[in-house]
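Trainee: got a predicted model here, sequence first, then my questions.
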Amino acid sequence: MDTALRALAEPRRREILRLVWDRERAVGEIAASVGVSQPAVSQHLQVLREAHLVSDRRDGARRLYRARPDTVQALREFLDDYWTSGLSQLRDAAEAAEQSKRSKRRREH
């Protein structure tokens with residue numbers, strides 16, 4: 001999970017992932033869309049591949065890349081759970097603080 005999060009921390013990689021989400025694309029097509037060199041795109045794709053966010057296959061001399069929805073779904077579930085538990089903790093802390101204020105006011109009266 002950490003590898004995927006680190007891979008997606010780079011905006012260009014998120015852009016590349018969006019491009020290969022709905023269909024396979026070759027490095028040259030991706031490079032033309034994001035406006036960087038093919039070697040730079042290849043490096044980004046290598047990071048995304050190592051994070052299991054994209055897969056690739058050979059088509060003759062070309063290599064085609066596509067997003068791996070299973071890994072992205074697992075990442076989304078992790079983030080949803082992380083966000084939900086964080087909000088629950090914040091809610092619990094706010095409720096405890098409010099309860100403490102009420103108790104203090106009752107003692108003062």
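Mentor: It's in.
Trainee: going by C-alpha atoms from here, please, whenever you check contacts or count neighbours.
Mentor: Will do.
Trainee: got any ranges where this structure has weak pLDDT?
Mentor: Applying pLDDT under 70 to the chain picks out residues 86-87, 109.
Trainee: one more time with 80
Mentor: Applying pLDDT under 80 to the chain picks out residues 82-83, 85-97, 100-102, 104-109.
Trainee: how about the strands in this protein?
Mentor: With DSSP state E applied, the chain shows strands at 25-26, 54-59, 62-67, listed in chain order.
Trainee: listing partners with orientation, what would you give for the first one?
Mentor: Right, the one you point to is strand 25-26. Paired strands of strand 25-26, with direction, are strand 62-67 (antiparallel) (DSSP bridges).
Trainee: CA atoms of the strand it pairs with as PDB?
Mentor: Extracted in PDB, the C-alpha atoms of strand 62-67 (Å, rounded to 0.1, in the frame of the first residue of the first chain):
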ATOM      1  CA  ARG A  62       5.300  -1.900 -28.600                       C
ATOM      2  CA  ARG A  63       4.500  -2.200 -24.900                       C
ATOM      3  CA  LEU A  64       0.900  -1.300 -24.000                       C
ATOM      4  CA  TYR A  65       0.000  -0.200 -20.500                       C
ATOM      5  CA  ARG A  66      -3.400  -0.300 -18.700                       C
ATOM      6  CA  ALA A  67      -4.500   0.500 -15.100                       C
END
